[in-house]
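Chemist: dropping a prediction and its sequence here:
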Amino acid sequence: MAKKDLKKNKGNKTFFKDFKAELKKVIWPTPEKLFKDTMTVISISLVIALMVFIFDFAFDKINTYGIDKMKNLISSSTSSEESNSEESNNESENKTEENEEKSTANDENNVESENNNIDAENTVNN
């Protein structure tokens, strides 16, 4: 078991030695380069955030206007359909009343003409 523990310790020691050697090979940016790159990232992020805000605002207004316009169209078409149906109901009621008046007038005329015929027959028979 002692050999296995020694191999693990050697593995850990070599890992950290290799890690330290790799960090020495890294070329770190100068403070000016770091500042310039940071400002580039921040400015690009702000521009994209501004674009997203503008598009969101524009689409929200378009959507609101579009929904309001659709509501108005639907309500106006519904109200016009209701008024049309009310007008047609009123027209049909008026026609029904006119027809009833005509039939009543026709019935009265028929009764009068029958009475006249009966009177004429009675006069001829007498």
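Modeler: Everything's here; your move. Numbering: from 1, shown residues only.
Chemist: now do stretch 76-96, average pLDDT.
Modeler: On average, the pLDDT along stretch 76-96 is 65.
Chemist: mind starting the numbering at 6 from now?
Modeler: Will do, 6 is the new start, and the previous item becomes stretch 81-101.
Chemist: where in the chain is pLDDT low?
Modeler: 6-16, 85-131 (pLDDT under 70).
Chemist: and the helices in it?
Modeler: 7-30, 36-130 (DSSP state H).
Chemist: state the distance from Lys76 to Asn68.
Modeler: Distance, Lys76 to Asn68, using C-beta to C-beta, to the nearest Å: 12 Å. The way it works is simple: take the backbone N, C-alpha and C, and place the C-beta from them, glycine included.
Chemist: sorry, wrong one. I was asking about Ser82.
Modeler: Ser82 is 21 Å from Asn68, by C-beta to C-beta.
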